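>>> Mind folding the following:
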Amino acid sequence: MIQVGQVVQWAGIGLGGFVSVTAALTVLRTGPEFYGVAALTAGRALGPWQAGRDDPRVPLPGGSGEPAHRSYWWRQVWVDAGHALLAGVAEAWQRLTEDWLAEPASRRRGSG
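Coordinates of the predicted model:
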C-alpha cells in the first residue's frame, strides 16, 4: 500500500532533480556568454596602451615628469585591475538586466 508520505517524498525528489538539471543547463548555456562579455569589456577597459604615456586615473609620483617610477607602476596595476573588474561586471549586469530580463518583462506588460 502506498502512503501519502512516500508519494510526497518521490514527488520532491523528482522535482528537485528537474530543478537541478534546469539550473545546470542554464548555467552551462549562459555562463560562457556572460564570461565572454565580461572578459572583452575588461580588456577594453585596460589602458593606456602607449608606452610612456601617463594614465589620468593614476596620480604621478612627485607631481609630474616621467611615470617610470616603481611607485607609479604598482598603482597602475591596481587601478587597471579594479577598473577592468568593475567594467566587466557592469557590462554583464547591463546585458542581464537590459537584454535578458527586459524582454520577458516587456512581453508581460504587453499582454496585460
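>>> Can you name the residues that contact the closest residue to A90 other than its chain neighbours?
With sequence-adjacent residues excluded and distances taken as C-beta to C-beta, 6 or more residues apart in numbering, A90 is closest to T41, at 7.7 Å. Bear in mind the C-beta positions are built from the backbone N, C-alpha and C, glycine included. By C-beta atoms under 8 Å, 6 or more residues apart in numbering, the contact list for T41 reads A87, G88, A90, E91, A92.
>>> do that again at 10 Å, thanks
Listed by C-beta atoms under 10 Å, 6 or more residues apart in numbering, the contact partners of T41 are A84, L86, A87, G88, V89, A90, E91, A92, Q94, R95.
>>> With respect to A24, which of the residues you listed is nearest?
Of all the contacts of T41, A24 sits closest to A92, with 19.8 Å by C-beta to C-beta.
>>> pLDDT of the helix or strand containing the residue nearest to A90, averaged?
Element membership for T41 (DSSP states H and E) is helix 4-45. Helix 4-45 shows a mean pLDDT of 79.
>>> buried residues in the helix or strand just after that helix?
Sequence-wise, the next helix or strand downstream of helix 4-45 (DSSP H and E) is helix 70-94. Neighbour counts over helix 70-94 (16 or more other C-beta atoms under 10 Å) mark Y72, R75, Q76, V79, D80, H83, A84, A87, G88, E91, A92 as buried.
>>> what angle do helix 70-94 and helix 4-45 make?
Interaxial angle of helix 70-94 relative to helix 4-45 (axes from the mean of the first three to the mean of the last three C-alpha atoms, to 10 degrees): 130 degrees.
>>> residue contacts, the spatially most central residue of the chain?
Residue closest to the mean C-alpha point of the chain, counted by C-alpha atoms, centre = their mean, is V89 at 3.7 Å. Under the criterion of C-beta under 10 Å, 6+ apart, the neighbours of V89 are F34, A38, T41, A42.
>>> redo that, cut-off 8 Å
A38.
>>> Look up how far F34 lies from it.
Distance, V89 to F34, by C-beta to C-beta, to the nearest Å: 10 Å.
>>> Could you give the separation of stretch 31-44 from the chain centroid?
Distance of stretch 31-44 from the chain centroid (C-alpha atoms, centre = their mean, to the nearest Å) equals 7 Å.
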